[in-house]
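Engineer: I'd like to go over a predicted model; first the sequence, then the structure.
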Amino acid sequence: KAGVTQTPRYLIKTRGQQVTLSCSPISGHRSVSWYQQTPGQGLQFLFEYFSETQRNKGNFPGRFSGRQFSNSRSEMNVSTLELGDSALYLCASSLVLAEKDTQYFGPGTRLTVL
Amino acid sequence: AQSVTQPDIHITVSEGASLELRCNYSYGATPYLFWYVQSPGQGLQLLLKYFSGDTLVQGIKGFEAEFKRSQSSFNLRKPSVHWSDAAEYFCAVLTGFQKLVFGTGTRLLVSP
């Protein structure tokens, strides 16, 4: 079974631009979570989607948004990019048979903001 | 608030020696705990997890972890480290709706 895939793997943008990152979960997984990883702040939770609904959100500004499609694929968007948005963005999927379940991570998208 | 502490930023171990990485958590309810490993430029790979039951859990690559509620700890161990184990290790606790709270990570260096 294929793992979590994220596209693109690398992105370079300039301040003020916007960016969209994509995540395809493991087949059959219905929950997708997004995390930001930086050297200074570590791994931080952005949001989680299940059945096209955002169920949980981390402490990030409104410039960070996401959505999930009916096939469970998810996208996250960052508008008006700032230098501090440079990070590795990780997506994780889980089956969610019960309330809590194991998350499996993709390889990440490395975003560099110049 | 939920939190995870990994007190060791870096650890160096000789190849073949044993390893223990420390993890302490703060969580009001029954914790669901995980250890992940990250190689440079890669995503996170699940090593093992604790949901309930036996407090000693076995994972992949010869790793194990022991849950100790009285100490709020979930330390990761391996009896004999291989050079390929050099990576960064993250402990995490699962909170509501699939939100993982991670520790700051421990970078493992393996010396020959």
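Structural biologist: Cool, the structure landed. Numbering: from 1, shown residues only, chains lettered A, B, ... in the order given.
Engineer: Pull up the gap between A:Arg67 and B:Glu66, please.
Structural biologist: 40 Å (Cβ to Cβ, to the nearest Å). No exception for glycine: its C-beta is placed from N, CA and C like everyone else's.
Engineer: who's in contact with residue 33?
Structural biologist: Unless you meant another one, I'm taking chain A. Under the criterion of Cβ atoms under 8 Å, 6 or more residues apart in numbering or on different chains, the contact list for A:Ser33 reads A:45-49, A:91-94, A:103, B:98-100.
Engineer: hmm, I had chain B in mind actually
Structural biologist: B:23, B:25, B:49-50, B:65, B:67, B:74, B:91-94.
Engineer: can you tell me which of those residues are up against chain A?
Structural biologist: Here is what survives when the contacts of B:Leu33 are matched to chain A using Cβ under 8 Å from any Cβ of the partner chain: B:49, B:92, B:94.
Engineer: where do the strands sit along the chain?
Structural biologist: Here I'm looking at chain A. A:5-7, A:10-13, A:19-24, A:31-38, A:42-50, A:53-57, A:64-68, A:74-78, A:87-94, A:104-105, A:109-113 (DSSP state E).
Engineer: wait, I meant chain B there
Structural biologist: Under DSSP E, chain B gives strands at B:3-5, B:10-14, B:19-21, B:24-26, B:33-38, B:44-50, B:56-58, B:64-68, B:73-78, B:87-94, B:100-102, B:106-111.
Engineer: Same list, those, but as TSV with mean pLDDT please.
Structural biologist: Shown next, in TSV, are these (pLDDT from 0 to 100):
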stretch	mean pLDDT
strand B:3-5	95
strand B:10-14	97
strand B:19-21	97
strand B:24-26	94
strand B:33-38	96
strand B:44-50	94
strand B:56-58	95
strand B:64-68	96
strand B:73-78	97
strand B:87-94	96
strand B:100-102	95
strand B:106-111	97
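Engineer: any chance of those strands in JSON lines, plus distance to A:Ala2?
Structural biologist: Below are the strands of chain B laid out as JSON lines (distance: least, Cβ to Cβ, whole Å):
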{"stretch": "strand B:3-5", "distance to A:Ala2": "30"}
{"stretch": "strand B:10-14", "distance to A:Ala2": "34"}
{"stretch": "strand B:19-21", "distance to A:Ala2": "30"}
{"stretch": "strand B:24-26", "distance to A:Ala2": "32"}
{"stretch": "strand B:33-38", "distance to A:Ala2": "20"}
{"stretch": "strand B:44-50", "distance to A:Ala2": "15"}
{"stretch": "strand B:56-58", "distance to A:Ala2": "26"}
{"stretch": "strand B:64-68", "distance to A:Ala2": "28"}
{"stretch": "strand B:73-78", "distance to A:Ala2": "28"}
{"stretch": "strand B:87-94", "distance to A:Ala2": "23"}
{"stretch": "strand B:100-102", "distance to A:Ala2": "22"}
{"stretch": "strand B:106-111", "distance to A:Ala2": "29"}
